[in-house]
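# here is the input, now give the coordinates:
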Amino acid sequence: MSDYNFEDINRMYFDVLKEIGNIGAGNATTAISDMLGLRLNMEVPQVKLLSFQELGSAVSAEEDTIAGIYLELHNDLEGSMMFLLKMDSAHYLVNRLMGRAESYEEPFDEMDLSALKEIGNIIMGSYLSALSSMTQMMIAPSVPFLAIDMAAAILSVPAIQFGQYGDDALLIETEFGDDVKLNGFFILLPEPDSYGKILSALGIEM
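Numbers count the residues shown, from 1 in each chain. I've put the predicted structure just below:
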């Protein structure tokens, strides 16, 4: 196993990750615009390397309920990724997709959860497409898993799974919307061996 971890990431690599975040967020905004029939504007994504302890407070208060879509990555890149939405943003997207009033805030039923999972799948696919295009790596995502729970509970999954490799994660925060601004949080967690592959694919020597 290689020794690559987040502490090894240099400025050039971080700039590449920011560009992947920009392209992925742009692709995701376009996809959601087409899906919902909306004209959406996107703010420049904020890309940060944070410890798992910092990750929770950057997304939401630990006791707040959020929606999280999680999937695993295979083939040339091994690891996982998550897309997180605060509940007001999740309700807004689902209501638009289902043709409901924006003020509808009843608990999600099975159809709502399926719609939310599909929205998350499209958004994460946009980020994966950007990463794959820039690195020319074959990346196969698993079937997405959706959870609605307290932020601390959802974020404990990557913390437990990847805490043995390091203390940090890549967080991309994107704000998009029309009259209503929505915040989405994308978390990329490659396994350590995959860092070397990404760096090599990008022509970066460390």
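
# hey, let's count contacts and neighbours off CA atoms from now on
OK.

# ok, then the element right after the helix or strand of the chain with the lowest mean pLDDT?
Within the chain, no helix or strand scores below strand 41-42, which has a mean of 69 by mean pLDDT, DSSP states H and E. Proceeding C-terminally, strand 41-42 gives way to strand 46-51 as the next helix or strand, assigned by DSSP states H and E.

# just checking, what packs against that following strand?
Other helices and strands packing on strand 46-51, by 3 or more CA pairs under 8 Å, 6 or more residues apart in numbering; DSSP states H and E, are helix 11-36, strand 168-177.

# could you check the angle helix 11-36 makes with the last one?
If I follow you right, that is strand 168-177. 40 degrees (axes from the mean of the first three to the mean of the last three CA atoms, to 10 degrees).

# immediately after strand 168-177, which helix or strand?
Strand 168-177 is succeeded, C-terminally, by strand 181-190 (DSSP H and E).

# partners of that next one in the sheet?
Strand 181-190 sits in its sheet next to strand 79-86 (antiparallel), strand 168-177 (antiparallel), going by DSSP bridges.

# and A169, how far from S142?
Per CA to CA, to the nearest Å, A169 is found 20 Å from S142.

# find the nearest non-adjacent residue to the residue nearest the centre of the chain, please.
The residue lying closest to the centre of the chain (CA atoms, centre = their mean) is F186, at 2.1 Å. Using CA to CA, 6 or more residues apart in numbering and skipping the chain neighbours, the partner closest in space to F186 is F83 (4.5 Å).
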